[in-house]
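Q: predicted coordinates and the sequence they were generated for:
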Amino acid sequence: MKRYYFEVAYDGSLFCGWQVQPEQVTVQQVIEEALTKINSNTPVFIVGCGRTDTGVHAKCSVFHTDMDLKIDVETLQFRLNKILPHSISILTIRETDDNFHARFSAKKRTYRYFIHTQKNPFKHSYSTLLEAELDMDKLNEASRLLLDTHDFTTFSKAKSDVKTHICTVFKAEWTKTEEGYQFEYAANRFLRNMVRATVGTLLLVGQNKITIEEFKAIFDSMDRNRCATSAPAQGLFLWKVEY
């Protein structure tokens, strides 16, 4: 039995997130079913680098599995991509060390959130429409408050099954694009709903609905009820995972 490292991209529009759930179609479930079919119907279970919510996409996510593989990785990648739907693509497969763990070995995860400011039918599933001008200076000043190590309880889904809400943020930066705005958020770990809750609250700053001082007070409060409604899922991509 050997351990294999996989990189995968997926369009999350038609999936109920990454993690296997009863009576729901998820990315993990579809990949496990495809691997099981290739593995002569011997069940294959995979371990992802983390969860993504319903409707969230991944430009590059990572998972691992242990298999007694009878074919080379190039053939496995070809066969997997033939079986998987067009919304999931295996980018890379390689043999890895037995100590590698897709979730716990990760050092840095990067998400990007996309916003467009004019109605566009080709952006609807991959960006959030916000017909408003954002104050970039205030957005980035507020975002810098997130940098370094903090308790992110405020931006975590209530009753999450985690031992700690402490995260270390390496980057939290907004940029203006030709079609709207982009937020890049990089950290050692992310809590459930953390990116979308953060974006939703920062957008209040960018629209001058709350001040930077009020944003800081919300962040420091460690009270999930004080942050804004989470930003819509379709604008969010897991962009990169580093080990």
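A: Cool, got the structure. Just so you know, these numbers come straight off a predicted model, no measurement behind them. Numbers count the residues shown, from 1 in each chain.
Q: in a helix, Ile31, correct?
A: Yes - membership of Ile31 in a helix is supported by DSSP: H, G, I helix; E, B strand; the rest coil.
Q: that one - how many residues pack around it?
A: When neighbours are defined as other C-beta atoms under 10 Å, Ile31 has 24 of them. For every residue, glycine as well, the C-beta is placed using N, CA and C.
Q: repeat for Glu95
A: The number of residues packed near Glu95 is 11, by other C-beta under 10 Å.
Q: and what of Ile115?
A: 24.
Q: and for Asn39?
A: What Asn39 shows, counting by other C-beta under 10 Å, is a neighbour count of 17.
Q: may I have stretch 229-242 as PDB, with CA atoms only?
A: What follows is stretch 229-242, C-alpha atoms only, in PDB (Å, rounded to 0.1, in the frame of the first residue of the first chain):
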ATOM      1  CA  THR A 229     -24.100  38.100   6.600                       C
ATOM      2  CA  SER A 230     -21.600  35.900   4.800                       C
ATOM      3  CA  ALA A 231     -20.700  36.800   1.300                       C
ATOM      4  CA  PRO A 232     -22.300  34.500  -1.400                       C
ATOM      5  CA  ALA A 233     -20.500  31.200  -2.000                       C
ATOM      6  CA  GLN A 234     -20.100  31.500  -5.800                       C
ATOM      7  CA  GLY A 235     -17.400  34.200  -5.600                       C
ATOM      8  CA  LEU A 236     -15.000  32.100  -3.500                       C
ATOM      9  CA  PHE A 237     -12.200  29.900  -4.700                       C
ATOM     10  CA  LEU A 238      -9.700  27.800  -2.800                       C
ATOM     11  CA  TRP A 239      -6.700  29.000  -4.800                       C
ATOM     12  CA  LYS A 240      -3.600  27.300  -3.500                       C
ATOM     13  CA  VAL A 241      -2.400  25.000  -0.800                       C
ATOM     14  CA  GLU A 242       1.300  25.000   0.200                       C
END
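Q: quick one: buried residues of it?
A: For stretch 229-242, the neighbour count (16 or more other C-beta atoms under 10 Å) marks Ser230, Ala231, Pro232, Ala233, Gln234, Gly235, Leu236, Phe237, Leu238, Trp239, Lys240, Val241 as buried.
Q: wouldn't the first one be in contact with Thr201 here?
A: Put plainly, it is Ser230. No - applying C-beta atoms under 8 Å, one finds Ser230 not in contact with Thr201, separated by 9.0 Å.
Q: what ranges do the strands span in the protein?
A: 2-10, 47-48, 57-67, 88-96, 108-116, 128-129, 148-151, 166-176, 180-187, 236-242 (DSSP state E).
Q: what's the closest of those strands to Glu32?
A: strand 57-67 (8.5 Å; C-beta to C-beta).
Q: residue contacts, Leu145?
A: Taking C-beta atoms under 8 Å, 6 or more residues apart in numbering, we find Leu145 in contact with Ile212, Phe215, Lys216, Phe219.
Q: just the closest of those residues to Phe183, please.
A: Nearest member of the contacts of Leu145 to Phe183, counting by C-beta to C-beta, is Phe215, at 14.2 Å.
Q: just give the nearest non-adjacent residue to the closest one, would you?
A: With sequence-adjacent residues excluded and distances taken as C-beta to C-beta, 6 or more residues apart in numbering, Phe215 is closest to Ala142, at 4.7 Å.
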